[in-house]
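K.L.:
structure, please.
(one chain, ligands or ions: 1)
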Amino acid sequence: MRLDKLLAHMGFGTRKEIKKLCRDGVVVVDGKQVKDASLHVDPQTQTVEVDGMPVEYREFIYLMMNKPQGVISATEDRHDETVVDLLAEQHYVFDVFPVGRLDKDTEGFLLLTNDGKLAHELLSPRKHVPKTYFARIEGRVTEEDGEAFKKGVKLDDGYVTLPAELEIISQGAISEIQLTIYEGKFHQVKRMFEAVGKKVIYLKRLSMGELQLDPDLEPGEYRELTEEELDVLRR
Ligand code: URA
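P.N.:
Numbering: from 1, shown residues only. Next up, the predicted model:
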């Protein structure tokens, strides 16, 4: 891997800034000063130091984002801003992608990583990873809706959903609920409410697996997962 890419991954700045670090003579590979930032290094077998400090290379990063409305859960889009566009250079360079999709108008917990294996496991239909959503619903959500979701409801394409858990927070012309589902069909929450004759008017994902959205993250903000959170997710 190119030295400038490796150091950018490790948070040493933009490629331009790293080029300058090399020119300034503070970057050392296997004990030798390296002036050329495009040099190829093998982080598994070679040692890299910046300003006399060894650089611990890591391959993967894991970001928890509070996805804002109006942004697409993809790495690129011709018309709209994507979640990847919201990342700082030091995270962007890791080539992360969103683990699963939230609709453009859905907010909340979105995991971004470049760890394809973990992403695959979290998304695997066989793993039944729970996802909990908060939603505002037009119409009075009832205990009968909860019973229907517990049994599984038939979506517009004939698919019958797995049992899901509904918690009614408030009932009225607009109701507030939490729903936990164990699969991730396209527009699943919206279509489940359509199946019982109601409309989702606001949707936010609160958790994935046992990991909750950090309440300190404003929409559009993100942070790296801690080691403990990563362990929770891997479990
Ligand atoms: N269900 C939906 O309908 N939309 C989402 O974004 C996520 C789950």
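K.L.:
in this structure residue 35 contacts residue 24, no?
P.N.:
No. With contacts counted by Cβ atoms under 8 Å, residue 35 stays clear of residue 24, the gap being 9.1 Å. (C-beta placed from N, C-alpha, C; glycine too.)
K.L.:
show me where the protein has helices.
P.N.:
Listed in chain order, the helices found in the chain under DSSP state H are 3-9, 15-23, 89-92, 116-123, 143-151, 188-195, 227-234.
K.L.:
rank these by pLDDT, which is bottom?
P.N.:
Mean pLDDT per stretch puts helix 89-92 lowest among the helices of the chain, at a mean of 84.
K.L.:
what comes up buried for that helix?
P.N.:
residue 91 (16 or more other Cβ atoms under 10 Å).
K.L.:
who are the packing partners of it?
P.N.:
helix 3-9 (3 or more Cβ pairs under 8 Å, 6 or more residues apart in numbering; DSSP states H and E).
K.L.:
what sits up against the helix it packs on?
P.N.:
Helix 3-9 is contacted by residues 13-15, 18-19, 21-22, 27, 29, 34, 36-41, 43, 48, 50, 55, 57-58, 89-90, 93-94 when judged by Cβ atoms under 8 Å, 6 or more residues apart in numbering.
K.L.:
which of those fall within strands?
P.N.:
27, 29, 48, 50 (DSSP state E).
K.L.:
check contacts around the first one.
P.N.:
The contact partners of residue 27, by Cβ under 8 Å, 6+ apart, come to 3, 7, 18, 21, 33, 34, 37, 48, 49, 50.
K.L.:
please repeat the previous calculation with a cut-off of 10 Å.
P.N.:
3-4, 7, 12, 18-19, 21, 33-37, 39, 48-51, 55 (Cβ atoms under 10 Å, 6 or more residues apart in numbering).
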